[in-house]
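Trainee: Below are the sequence and a predicted model; questions follow.
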Amino acid sequence: MLVDVTPVEVGSFRPLIQATGVVRPAREILLRPRISGEVVELTGAFVPGGFVDEGGLLLRIDDADYQILLQQRESELQQAIALLEVEHGRQDIAERDYRELGKTLEDENRALVLREPQLRSAEAAVQSARAALEQARLDLARTRIVAPFDAQVLSRDVNLGSQVSNGGTLARLVGVDQYWVETTVPLDRLRWLDFPGEGAGHGSAVTLRHRTAWPENQSRNGRLYRLVGELEGDTRMARLLVTVDDPLALREESAAMPPLLIGSFVQCVLEGREIEDVVKLDRKHVRKDDTAWVMKDDRLEIRKLDIVFQDAEHAYAREGLEDGDQVVTTSLSTVREGASLRLKNSAAE
């Protein structure tokens, strides 16, 4: 029988586990004000799709009422300090009178004579006025709504002149430093994956592709981040999170890469742990009952394989094949141990 063969070699290989994932934001918030008032300013970046740096201004709420309240609180503090100073003077007089009296009183009566409760009350009034002033300053500062992190605006729910209240929604923001890709794999694949903190501590490398939106030669790189402690509801497979840095390709070093869009489906190729001392064989060359056809001395040998792992394209066999074995790649209609074989290239010669 005329056959084609391919040589195999023993080595160390990393299997590839394929899965499908959904892009999710790693950080997402609904931006809400902590005060009430009228929106009097919107910045140019505060539009759907706009980008803003951490601390960058998004909008401003009318602060006139809060400026007046701040002045009132400052006056109240000055008044409380003045009353405390007056009480200190009264206490000095009371203490002098007590010494001139020359009598010894019980502690409770002595405290009353020396006006200690009045002093504590005046000191408490000063502390309360200081706290009220600090609260007024905070409320005034909160009229400027800023981004809590480097973010993209996904939606905006207010406009100029809108009346906002404490807890109302202003916008939806997502962080642009990192996205997650949520994917699922069968439970028996978990032992072949590396998570942060295990081994090297960086997590298995992941290659992401979007066949319909990206050119064939483009991909993004990520890292396996976490095993979610819950199985996927329908498939009962393990849920994993993959992290991708600079998902929107905003940095200079990522400018040529395609951006990830939240909600899109991507293909994930996860790099498994290295398997040592195995033969890597195309899955289509693994025959019935996990066997391989080997040409040796122009004869067919049927070898039983000990396959330790199979990914989408390859099988990794620890036993059954040796370094340099010639594996038959041709499909044969008649298969029997010891059948005579010859190479197709020999026949052509």
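Mentor: In hand now; what should we look at? Residues are numbered from 1 along each chain as shown.
Trainee: where do the helices sit along the stretch 201-349 of the chain?
Mentor: Along the stretch 201-349 of the chain, counting by DSSP state H, counting those that start in this stretch, helices occupy 344-348.
Trainee: report the longest strand in this protein, please.
Mentor: strand 220-231 (DSSP state E).
Trainee: Alpha carbons only: can I get that one in CSV?
Mentor: Taking C-alpha atoms only, strand 220-231 is exported to CSV below (Å, rounded to 0.1, in the frame of the first residue of the first chain):
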residue,chain,number,x,y,z
ARG,A,220,-4.8,40.5,21.5
ASN,A,221,-2.8,39.1,24.4
GLY,A,222,-4.2,38.5,27.8
ARG,A,223,-3.5,36.6,31.0
LEU,A,224,-5.6,34.1,33.0
TYR,A,225,-6.7,36.0,36.1
ARG,A,226,-9.3,34.2,38.2
LEU,A,227,-11.4,31.1,38.5
VAL,A,228,-14.9,32.2,39.3
GLY,A,229,-16.3,30.1,42.1
GLU,A,230,-19.5,29.1,40.2
LEU,A,231,-20.3,26.9,37.3
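Trainee: Please report the distance of the spatially closest residue to residue 276 that is not a sequence neighbour from residue 306.
Mentor: In space, and not counting its chain neighbours, residue 276 is closest to residue 12: 4.5 Å by Cβ to Cβ, 6 or more residues apart in numbering. Yep, even glycine has a C-beta here, placed from its N, CA and C like the rest. Note on residue 12: its distance to residue 306, by Cβ to Cβ, to the nearest Å, is 16 Å.
Trainee: Same question for residue 27.
Mentor: In this view, residue 27 and residue 306 are 46 Å apart by Cβ to Cβ.
Trainee: So those two - more neighbours on which side?
Mentor: Per other Cβ atoms under 10 Å, whichever of residue 27 and residue 306 has more neighbours is residue 27, with 16 against 12.
Trainee: doesn't residue 150 make contact with the more buried one?
Mentor: No: with contacts counted by Cβ atoms under 8 Å, residue 27 stays clear of residue 150, the gap being 9.4 Å.
Trainee: what do those two both touch?
Mentor: Counting by Cβ atoms under 8 Å, 6 or more residues apart in numbering, the contacts common to residue 27 and residue 150 are 175, 177.
Trainee: quick one: contacts for the nearest residue to residue 292 once chain neighbours are set aside?
Mentor: Nearest residue to residue 292 in three dimensions, chain neighbours excluded: residue 303, at 5.0 Å (Cβ to Cβ, 6+ apart). When contacts are counted by Cβ under 8 Å, 6+ apart, residue 303 touches 291-294, 320-321, 325.
Trainee: which of these count as buried?
Mentor: Neighbour-count burial (16 or more other Cβ atoms under 10 Å) applied to the contacts of residue 303 gives 292-294, 320-321, 325.
Trainee: Cross these against strands and list the overlap.
Mentor: Residues from these lying in strands, with DSSP E as the criterion: 292-294.
Trainee: pLDDT and distance to residue 339 added to those, as a markdown table?
Mentor: Output for those, formatted as a markdown table (pLDDT from 0 to 100; distance: Cβ to Cβ, whole Å):
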| residue | pLDDT | distance to residue 339 |
| --- | --- | --- |
| 292 | 92 | 15 |
| 293 | 91 | 9 |
| 294 | 92 | 12 |
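Trainee: Show me which of these is closest to residue 73.
Mentor: residue 292 (84.4 Å; Cβ to Cβ).
Trainee: Against residue 286, how distant is the closest one?
Mentor: Between residue 292 and residue 286 the computed distance is 6 Å (Cβ to Cβ).
Trainee: Residue 308 too?
Mentor: Residue 308 is 13 Å from residue 286, by Cβ to Cβ.
Trainee: The two: which is more packed in?
Mentor: residue 286 (19 against 15).
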